[in-house]
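Asks: pasting a predicted model and its sequence here:
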Amino acid sequence: MKNKTLTILISGYLIITVLTWIVVILAGRTYDLYIPNAEKSENIVIEYSQEGIIELKDQSYENGYTHLTFKSLRKGNVNLSTTIHHINTDENGLYTTYYSDIKVTPLKTIIISGVDFCGYQYLCLGFAIIDLFTMIVFFKQFRYRKKHQFFSYRTVIDLTIAVFFTMQFMILSSILAANTLFPYIVDAYMMYNFAGLATSIIFIASLPISLAFAGFLAVSNLVLIKKEGLGKNNLFAFFISAIIITGSALCILLLIKNPNSVSATLTDATQTAMRCIVSSLFIYFQLLLFSTLYCTFYASRHEPKRNQDFIIILGCQIRSDGTPLPLLQGRIDRAIEFYNKQIDETGKQAHFIASGGQGSDEIIPEAQSIKNYLVNKGIDESLIYTEEKSTNTLENMLFSKEIADSVKKNSNILFSTTNYHIFRSGIYSAKANMQADGIGAKTKWYFWPNAQIREFIGLNANEFLINLLFDAIAIGTTVFVSNMPSIINLIFR
């Protein structure tokens with residue numbers, strides 16, 4: 001993330017937080033009590049266990065409820081009893097009494113039963129504004145990167161964070177709307193509880209899609225093993241499928257064990273925090289996975305401009321006789337296809353850079369195998385450069401760039417790989433200070449999911465620390481909102 005964006009985020013968070021707490025403290029100096037009163041009885045008796053701590057400020061009747069507004073006078077504790085005598089009865093007739101245990105803090109904030117207070121709507125609004133602000137910043141970041149710096153792990157992170165906070169904003173907005181429309185029904189207890197359950201609700205809603213995706217991964221992996229044999233590189237989809245199923249079961253178990261978020265006790269708060277940590281972590285993992293899939297799919301659908309000077313063909317394993325395997329053949333054929341289309345459309349002739357060193361089980365370098373295949377396909381040998389030192393994708397890019405720069409500075413460069421590998425290869429090209437586009441060859445349906453999951457694991461393993469940081473931010477906000485009763489007690493006790 002650029003320093004400018006980080007500065008905007010920190011400044012925005014500070015401003016929103018300070019303004020929110022000012023409003024919360026001021027609003028919390030009054031308390032709105034809604035008492036069911038279908039008969040619209042005006043015979044209401046209010047009694048205080050101690051005078052001079054709170055007083056009645058306003059009284060009205062709304063939608064079958066008597067609305068009483070109290071304001072704080074000074075610090076202290078008071079028990080409030082409100083009795084409504086029903087119509088057509090004497091003082092010994094039918095009546096209903098409501099009791100409230102009220103604490104007034106040194107800031108004159110009114111806390112009821114250790115949880116409820118009238119600033120909760122504005123606290124929820126503050127969180128919603130923070131979510132909206134975060135969502136806008138990261139969506140703008142994502143759009144910018146998509147257009148100018150697409151081949152970056154930050155593109156995945158930006159999209160993941162933006163969608164995560166969009167969901168939180170939608171949930172909090174729904175709660176606020178319900179409170180605005182039905183203030184006599186939706187109180188602080190309901191808001192805290194729903195906010196705490198939000199991540200679990202999102203998880204439950206996404207469960208069918210998640211399990212269907214896990215099933216698809218497992219089936220494709222079984223077909224892959226049947227077609228190409230059992231090997232450690234053919235088990236990645238099984239691994240992610242197991243994580244999805246295990247994570248789903250754990251989220252359900254914690255939701256059943258602790259469905260209620262409204263409690264100020266340490267035990268319940270700990271259980272609620274654990275439930276929210278697991279749920280938000282799991283949801284973040286899902287969003288990260290699907291954001292990676294989106295970026296990979298977008299990269300595979302992108303069609304570069306027909307103005308390329310060089311086409312790098314990224315090597316991979318070859319046969320024992322030195323000829324390309326079908327996976328590598330696909331990359332070479334895709335490069336030749338683009339080369340021919342560029343000549344037909346613009347007349348510009350590109351050069352090829354065959355890139356790939358020699359593995360311990362290979363009789364010739366992969367680059368030489370690629371060159372032989374190109375020549376057999378009718379490509380003039382003078383148009384082919386070979387890079388035979390590389391052992392991984394980053395080295396492919398670094399050493400190929402050296403060749404391209406030695407021939408022509410500031411050249412337009414394209415790399416050809418397999419469709420699932422374009423995005424991560426593009427990230428390596430950016431690390432090599434090469435502004436390159438990518439094209440990808442198609443692969444068999446059963447091979448794609450496992451290969452794509454392998455790309456996902458490799459991508460996140462390379463950027464583990466930055467992803468851990470944003471994951472902690474996302475989880476922290478969820479846990480903070482869900483444990484608001486405990487936090488209110490700590491702040492205002």
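Replies: Received it, and whenever you're ready, just let me know what you need. Numbering: from 1, shown residues only.
Asks: what sits against Phe164?
Replies: Taking Cβ atoms under 8 Å, 6 or more residues apart in numbering, we find Phe164 in contact with 283-284, 287, 474. Backbone N, C-alpha and C define where each C-beta goes, glycine included.
Asks: narrow the residues you listed to just the buried residues.
Replies: Among these, the ones that count as buried by 16 or more other Cβ atoms under 10 Å are 283-284, 287, 474.
Asks: returning to what we had before: take the contacts of Phe164 and keep only those in helices.
Replies: 283-284, 287, 474 (DSSP state H).
Asks: got CSV for the contacts of Phe164, with distance to Phe423 and pLDDT too?
Replies: Formatted as CSV, the contacts of Phe164 follow (distance: Cβ to Cβ, whole Å; pLDDT from 0 to 100):
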residue, distance to Phe423, pLDDT
Ile283, 22, 82
Tyr284, 20, 83
Leu287, 17, 87
Ala474, 22, 72
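Asks: hang on, the earlier thing: quick check, nearest of the buried ones among the contacts of Phe164 to Thr346?
Replies: Among the buried ones among the contacts of Phe164, Leu287 lies closest to Thr346 (Cβ to Cβ), at 40.3 Å.
Asks: these two touch, right, the closest one and Phe165?
Replies: No. The pair Leu287 and Phe165 fails to qualify as a contact (Cβ atoms under 8 Å) at a distance of 10.4 Å.
Asks: neighbours of Arg306, how many?
Replies: Neighbourhood size, Arg306 [other Cβ atoms under 10 Å]: 18.
Asks: try Phe151
Replies: Other residues close to Phe151 by other Cβ under 10 Å number 23.
Asks: now swap in Gly322 and tell me
Replies: Other residues within reach of Gly322 by the criterion other Cβ under 10 Å amount to 14.
Asks: name the residues of the strand or helix carrying Ile422 that come out as buried.
Replies: Counting by DSSP states H and E, the element that carries Ile422 is helix 422-431. Of all the residues in helix 422-431, those buried under the rule 16+ other Cβ under 10 Å are 422-430.
Asks: could you pull out the helices for this protein?
Replies: With DSSP H as the criterion, the chain has helices at 3-27, 120-148, 153-181, 188-228, 236-257, 266-301, 326-346, 366-376, 393-407, 422-431, 447-462, 464-482, 484-492.
Asks: in a markdown table, list those along with distance to Thr69.
Replies: Listed next are the helices of the chain as a markdown table, based on distance: least, Cβ to Cβ, whole Å:
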| stretch | distance to Thr69 |
| --- | --- |
| helix 3-27 | 12 |
| helix 120-148 | 14 |
| helix 153-181 | 16 |
| helix 188-228 | 15 |
| helix 236-257 | 37 |
| helix 266-301 | 30 |
| helix 326-346 | 71 |
| helix 366-376 | 78 |
| helix 393-407 | 66 |
| helix 422-431 | 57 |
| helix 447-462 | 52 |
| helix 464-482 | 26 |
| helix 484-492 | 20 |
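Asks: tell me the pLDDT of Met1.
Replies: We have a pLDDT of 51 for Met1.
Asks: Phe447: which of the buried residues of helix 422-431 is nearest?
Replies: Using Cβ to Cβ, the buried residues of helix 422-431 come closest to Phe447 at Ile422, 15.3 Å.
Asks: what about that closest one, distance to Leu255?
Replies: Distance, Ile422 to Leu255, using Cβ to Cβ, to the nearest Å: 39 Å.
Asks: do Glu42 as well
Replies: From Glu42 across to Leu255, the span is 45 Å (Cβ to Cβ).
Asks: more neighbours, the two?
Replies: Ranked by neighbour count (other Cβ under 10 Å), Glu42 and Leu255 place Leu255 first, with 18 against 12.
Asks: wait, doesn't that one sit right on Cys276?
Replies: No. The criterion here is Cβ under 8 Å, and Leu255 misses it with Cys276 at 10.3 Å.
Asks: contacting residues for Phe352?
Replies: Contacts here follow Cβ under 8 Å, 6+ apart; on that basis Phe352 touches 310-313, 335, 339, 374, 379, 383-385.
Asks: Throw these into CSV and include pLDDT, thanks.
Replies: Below are the contacts of Phe352 laid out as CSV (pLDDT from 0 to 100):
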residue, pLDDT
Phe310, 97
Ile311, 97
Ile312, 97
Ile313, 97
Ala335, 96
Tyr339, 96
Leu374, 96
Ile379, 95
Leu383, 95
Ile384, 96
Tyr385, 96
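Asks: can you redo the residues you listed as CSV with neighbour count?
Replies: Output for the contacts of Phe352, formatted as CSV (neighbours: other Cβ atoms under 10 Å):
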residue, neighbour count
Phe310, 23
Ile311, 26
Ile312, 31
Ile313, 31
Ala335, 29
Tyr339, 24
Leu374, 21
Ile379, 19
Leu383, 15
Ile384, 18
Tyr385, 19
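Asks: can you tell me which of these is closest to Gly359?
Replies: Nearest to Gly359 among the contacts of Phe352, with distances taken as Cβ to Cβ, is Ile313, at 16.5 Å.
Asks: does the closest one touch Gln329 like I think?
Replies: No. Look at Ile313 against Gln329 with Cβ under 8 Å: they stay out of range, at 10.7 Å.
Asks: backbone torsions only: list them for Gly315.
Replies: Main-chain dihedrals, Gly315, degrees, to the nearest 10: phi -80, psi 160.
Asks: tell me the pLDDT at it?
Replies: Model confidence at Gly315, given as pLDDT, is 93.
Asks: run through the residues that contact it.
Replies: Residues counted as contacts of Gly315 (Cβ under 8 Å, 6+ apart) are 328, 354-357, 365-367, 369-370, 390, 396.
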